[in-house]
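J.: I would like to see how this sequence folds:
(chains A and B)
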Amino acid sequence: IVLTQSPAALSLSPGETATLSCRSSQSVGSYVAWYQQRPGQAPRLLIYEASKRATGIPARFSGSGSGTDFTLTISSLEPEDFAIYYCQQRSFWPGFGGGTRIQIK
Amino acid sequence: QIQESGPQLVMPSQTLALTCSVSGGVIRNTDENWGWIRQSPGKGLEWIGHIHYTGSADYNPSLESRTRISVDTSKNEVSLRLTSLTGADTAVYYCVRDLGSLPAFDVWGRGTLVTVSS
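T.: So this is what the prediction gives:
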């Protein structure tokens, strides 16, 4: 299963909304997770099972989708949200998308 | 918390051995698998495999022939061995908790950079 994330990069200003896409080559049901990776840090779990926020994750992060198309939405971007975001599927063995970088405009 | 340890530099064709130490809890939880993920500039994030405290393990098919993951519940440690190394194995290696009830990787170590070079 191949996960394709788009766009590869997004230039936005603080306070704007980011919409990230993750498309799977085959249906993965709702078994998609999203991670945030800041420079020099390990990835951090944000969303699991497509739409459930992990413990301690702010409500401005939301996930949606099922089957082959998934979306991560970040409302009102904070300075600490400028990072790389990865989606991950769990249908067979785990696999990751190539990432979307959110950079400051 | 989880902490990876092991060599930073390994020669080509040699074997990589990394250890993950788990603190603040125990590995013997039915709902958890403990595993390894690596990240290299060329291939992004790649799942290597995971193991349950019972010793049952699963591996990425692309790495399975060179990989072995083991667990020592008395020490709360998980170990990774990766054989026949090449430059393509140069990466940051992360130890992760794979929580079955999520299911996702909810706890990550800080990672350890391993360079394969002569």
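
J.: C-alpha from now on. contacts and neighbour counts both.
T.: Noted.

J.: tell me where chain B has strands.
T.: Under the criterion DSSP state E, strands of chain B are mapped to B:2-5, B:9-10, B:16-22, B:32-40, B:44-51, B:57-59, B:67-72, B:77-82, B:91-99, B:104-108, B:112-116.

J.: Serialize those to a markdown table and add fields for mean pLDDT, mean neighbour count and distance to A:Gly63.
T.: Shown next, in a markdown table, are the strands of chain B (pLDDT from 0 to 100; neighbours: other Cα atoms under 10 Å in any protein chain shown; distance: least, Cα to Cα, whole Å):
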| stretch | mean pLDDT | mean neighbour count | distance to A:Gly63 |
| --- | --- | --- | --- |
| strand B:2-5 | 96 | 19 | 27 |
| strand B:9-10 | 98 | 17 | 39 |
| strand B:16-22 | 97 | 20 | 30 |
| strand B:32-40 | 96 | 22 | 23 |
| strand B:44-51 | 95 | 22 | 20 |
| strand B:57-59 | 95 | 18 | 28 |
| strand B:67-72 | 97 | 20 | 33 |
| strand B:77-82 | 97 | 21 | 32 |
| strand B:91-99 | 96 | 24 | 19 |
| strand B:104-108 | 95 | 22 | 14 |
| strand B:112-116 | 97 | 20 | 30 |
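
J.: got the residues of chain A near chain B?
T.: Taking Cα under 8 Å from any Cα of the partner chain as the measure of proximity, chain A contacts chain B at A:31, A:33, A:41-45, A:48-49, A:90, A:93-98.

J.: swap in 10 Å and give it another go.
T.: By Cα under 10 Å from any Cα of the partner chain, the residues of chain A that approach chain B are A:31-35, A:40-49, A:52, A:54-55, A:86, A:88-90, A:92-99.

J.: would you mind writing the ChimeraX command to select the buried ones in the residues you listed?
T.: Written as a ChimeraX command, the selection of buried residues from these, which uses 16 or more other Cα atoms under 10 Å in any protein chain shown, is:
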select /A:31,32,33,34,35,42,43,44,45,46,47,48,49,52,54,86,88,89,90,94,95,96,97,98,99
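
J.: mind checking which of the residues of chain A next to chain B are in strands?
T.: Among those, DSSP E puts A:32-35, A:44-48, A:52, A:86, A:88-89, A:95-96 in strands.

J.: of all the residues you listed, which comes closest to B:Ser5?
T.: Checking these against B:Ser5 with Cα to Cα, the nearest one is A:Arg44 at 20.2 Å.

J.: give me the residue at the spatial middle of chain B.
T.: The centroid of chain B falls nearest to B:Trp36 when counting by Cα atoms, centre = their mean (2.6 Å).

J.: name the nearest residue to that residue, sequence neighbours excluded.
T.: B:Cys95 (4.7 Å; Cα to Cα, 6 or more residues apart in numbering or on different chains).
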